[in-house]
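In: build me a model from this:
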Amino acid sequence: MPFTPPAAFTTRPTLTGSFGMAASTHWIATGVAQGILERGGNAFDAVVAGGFALHLVEPHLNGPGGDLVGIFVTGDRPDTPRVLMGQGPAPSNATIAHFRREGLHLVPGAGGLAAAVPGAVDAWLLLLRDHGVLSLRDVLAPTIAYARSGVPLSATAAAAIGRVAGLFRSHWRSSADLWLADGVPAEGDLVRNPRYADLLDELATAATGQERTRGIDRARELWAQTVGRAASAFLATPHRHSDGADHAAVIRTEDVTGFRAGYEDAVTIPFRGLTVAKAGAWTQGPALLEALLILEPLPDDLLDPSTPSGAHAVVEALKLALADRDAHFGDGVDVGPLLTADYADARRAGIGEEASHAWRPGTPGGRRPYWPPLTLDASAEGADALGVGEPTVAVTGQTRGDTCHIDVVDRWGNVVAVTPSGGWLQSSPAIPELGFCLGTRLQMTWLDEAAPSALRPGARPRTTLTPTLVIDEHSAMAIGTPGGDQQEQWQLPALLRILVGGYSPQQAIDAPTLHTTALIDSFWPRSWTPAGVVVEGRIGEAVVQELRDRGHDVTVSGDWSLGRLSAVGIDRRSGRVWAAANARGMLGYAAGR
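Out: Down below sits the predicted model:
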């Protein structure tokens, strides 16, 4: 049975050209990145410039106090995917014992106690230093200008601010001063951040007049010193957290000044003659690789998410891979045993004709799985609990489905995808001296020493951030999406449609998608919804009904509500570059020529 043909209509074309392309979750970031390409920058200059712009245009989804994961290949080493590691670790005083003394059994989802060391900005600067060609001032200039003159607030950002306005006014006055100075802002209002503009200008000045590498390193040092001093002093005062209590943060200046972003080798698997590359077990990235290995030998129709049998197989494979994520992944874990052919064969044998209602981790290499609490989600029928559609924010500051994404390719063959997140405006109180807040990535750790992703000083929390690179001898594709626990799940159907079904990138991004909620939520309060599946209505009644007949608990979401994918790529034989972006939410765009 052939793959379901793609729709004749796409929301926009797959862009093609020979110069360079950018795609992201917000048109301004895409425009900034493409502008840098036009001024002689390469893909790394462009992605860094666009990444800083995302701090302003999607402040409810990422911020300077957050983190990132990137993956890239360079034109001179097209067969060697590398990971950009911008995930800071737990502070030295962030111990399980301390959190227990605070009366906590989970790390809170909002508040400074949940802050990991901020890693995003240092990672951006490292990437620029080593792989860019422009000066720091040239790359930061668009964001500095926007921070002073203002950017138009999106409807989703305005809604996020509105939902936490009470929290800001009652408990986080510094956030109210930053975001509610003239009342709750509305869609389209220009939002300025002069203090952040000043800080970026200070970084650019610090880097000026010195050899380029030395100057950027000086900016990195200034950043760490400034942020570490201001954050540790301000957040030491107890403040409201998502558990309803007041806690002081434990981050110290030395935690921030002692961190440096870095590079790692990618984890890779073969799939249908291609190489798929992800970051390691400190992310959820290997879960996508495991799902692909489980699915690869199945007939093509069982890899088609638009058919009942294909949707069932994809969902069941994801449930198995994500159970392994929650049972085995963590900083320092070797995922090799999870990515062998024998292990994939064993996991594939667990896919039956009916939906599984059990949480089923495996035992790779005889490794005993960790069993987290399987806490049923009391609000499972609400959209917030399902992570449906655009990111949602509770009045406590809790966020489900965070993040933004950016991809760039240039005419020299550099290809890069970065998923920045954390430091959302609703994460923790804004630090007045900085103009932003710290993130809450520690909420993805467990207060249980037995967990591979336990809270440990100096260890990275297992992040959901997970861009993807697909390469072969002649081509490269970078792809990613926001979405918390849905990031791998929304990428998988798109990849199957492109790599197996022959869809164009835009056709695959536009096609109706789905995800499972039968996983342990990475975000506070860490709940589990057995057998849950969320589908876009466009997937069709036949698919919905058969999934229900097989025992899946199906929620039909809006027709255009799941995923915010973007992608870029290059065919090195022809020199053709391409880009595609998501229409859902009406913010993401691709640009290029």
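In: what about the helices in the stretch 251-400 of the chain?
Out: 253-257, 285-295, 308-328, 341-348, 383-386 (DSSP state H, counting those that start in this stretch).
In: correction: the previous question concerned the stretch 401-550 of the chain.
Out: Counting by DSSP H, counting those that start in this stretch, the helices of the stretch 401-550 of the chain are 487-499, 505-510, 541-549.
In: CA atoms only for the longest one, dumped as CSV, please.
Out: Looking back up the chat, that one is helix 487-499. Provided in CSV are the C-alpha atoms of helix 487-499 (Å, rounded to 0.1, in the frame of the first residue of the first chain):
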residue,chain,number,x,y,z
GLN,A,487,9.3,17.9,20.1
GLU,A,488,10.4,14.4,19.0
GLN,A,489,6.8,13.4,18.4
TRP,A,490,6.1,16.2,15.9
GLN,A,491,9.4,15.7,14.2
LEU,A,492,8.9,12.0,13.7
PRO,A,493,5.9,12.2,11.4
ALA,A,494,7.5,14.9,9.3
LEU,A,495,10.7,13.0,8.9
LEU,A,496,8.8,9.8,7.9
ARG,A,497,6.9,11.7,5.3
ILE,A,498,10.0,13.3,3.9
LEU,A,499,12.4,10.3,4.1
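In: and it, what does it pack onto?
Out: helix 285-295, helix 308-328, strand 468-471, strand 475-480, helix 505-510, strand 514-516 (3 or more Cβ pairs under 8 Å, 6 or more residues apart in numbering; DSSP states H and E). Every C-beta, even on glycine, is put in place using the N, C-alpha and C of the backbone.
In: what's the angle between it and strand 475-480?
Out: 150 degrees (axes from the mean of the first three to the mean of the last three Cα atoms, to 10 degrees).
In: spatially central residue in this protein, please.
Out: Nearest to the geometric centre of the chain sits Leu465, at 3.4 Å (Cα atoms, centre = their mean).
In: name the element the nearest residue to Tyr263 once chain neighbours are set aside belongs to?
Out: Distances taken as Cβ to Cβ, 6 or more residues apart in numbering place Arg82 nearest to Tyr263, at 5.3 Å, with adjacent residues excluded. For Arg82, the element it lies in under DSSP states H and E is strand 77-86.
In: flag every buried residue along that strand.
Out: Pro78, Pro81, Arg82, Val83, Leu84, Met85, Gly86 (16 or more other Cβ atoms under 10 Å).
In: so what strands line up beside it?
Out: strand 67-74 (antiparallel), strand 262-265 (antiparallel) (DSSP bridges).
In: chain center to that strand: distance?
Out: Its chain's C-alpha centre and that of strand 77-86 lie 17 Å apart, by Cα atoms, centre = their mean, to the nearest Å.
In: what residues does that strand touch?
Out: By Cβ atoms under 8 Å, 6 or more residues apart in numbering, the surrounding residues in contact with strand 77-86 are 67-74, 119-120, 122-124, 126-127, 261-266, 268, 275, 277, 279-280, 413, 418, 420, 469, 471, 473, 476, 572.
In: and stretch 31-49, by the same measure?
Out: Against stretch 31-49 from outside (Cβ under 8 Å, 6+ apart): 19-22, 24, 50, 53, 70, 72, 124-125, 127-128, 131-134, 138-140, 142-143, 406-410, 412, 414-416, 418, 589, 591-592.
In: show me where the stretch 101-250 of the chain has helices.
Out: 120-131, 136-149, 155-163, 165-170, 173-179, 194-207, 212-235.
In: residues of the fifth one that come out buried?
Out: Okay, so that is helix 173-179. Ser174, Ser175, Ala176, Leu178, Trp179.
In: mind putting those into TSV with pLDDT?
Out: As requested, the buried residues of helix 173-179 are arranged in TSV below (pLDDT from 0 to 100):
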residue	pLDDT
Ser174	98
Ser175	98
Ala176	98
Leu178	97
Trp179	98
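In: what is the nearest of these to Ala7?
Out: Comparing the buried residues of helix 173-179 against Ala7 with Cβ to Cβ places Trp179 closest, at 39.8 Å.
In: strands of the stretch 301-450 of the chain, start to end?
Out: 375-376, 392-393, 399-400, 406-410, 415-421 (DSSP state E, counting those that start in this stretch).
In: what's the weakest-modelled helix or strand in this structure?
Out: helix 383-386 (a mean of 33; mean pLDDT, DSSP states H and E).
In: tell me the contacts of Gly119?
Out: Contacts of Gly119 were listed using Cβ under 8 Å, 6+ apart, and they are Gly66, Asp67, Leu68, Met85, Gly86, Gln87, Gly88, Phe259, Ala261.
In: what is the burial count for the nearest residue to Ala291 once chain neighbours are set aside?
Out: Spatial nearest neighbour of Ala291, excluding adjacent residues (Cβ to Cβ, 6+ apart): Ala321 at 4.2 Å. Number of residues near Ala321 (other Cβ atoms under 10 Å) recorded here: 29.
In: now do Leu68
Out: With other Cβ under 10 Å as criterion, Leu68 counts 30.
In: look at it and report its pLDDT.
Out: Looking at Leu68, its pLDDT stands at 98.
In: relative to Gly280, how far out is it?
Out: Noted for Leu68: a distance of 15 Å to Gly280, by Cβ to Cβ, to the nearest Å.
In: ok, now Pro467?
Out: Distance of Pro467 to Gly280, given as Cβ to Cβ: 13 Å.
In: surely Leu562 and His515 touch.
Out: Yes. The pair formed by Leu562 and His515 meets the contact definition of Cβ atoms under 8 Å, at 6.6 Å.
In: now do the shared contacts for those two.
Out: Common neighbours of Leu562 and His515, counting by Cβ under 8 Å, 6+ apart, are Gln486, Trp490, Val534.
In: now render the strands paired with strand 77-86 as a markdown table, adding distance to Ile36.
Out: Converted to a markdown table, the strands paired with strand 77-86 look like this (distance: least, Cβ to Cβ, whole Å):
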| stretch | distance to Ile36 |
| --- | --- |
| strand 67-74 | 16 |
| strand 262-265 | 22 |
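In: single out the most deeply packed of those strands.
Out: strand 67-74 (a mean of 27; mean count of other Cβ atoms under 10 Å).
In: can you tell me which residues contact the nearest residue to Glu488 once chain neighbours are set aside?
Out: Distances taken as Cβ to Cβ, 6+ apart place Leu288 nearest to Glu488, at 4.2 Å, with adjacent residues excluded. Taking Cβ under 8 Å, 6+ apart, we find Leu288 in contact with Val276, Lys278, Ala321, Thr466, Thr468, Glu488, Gln491, Leu492.
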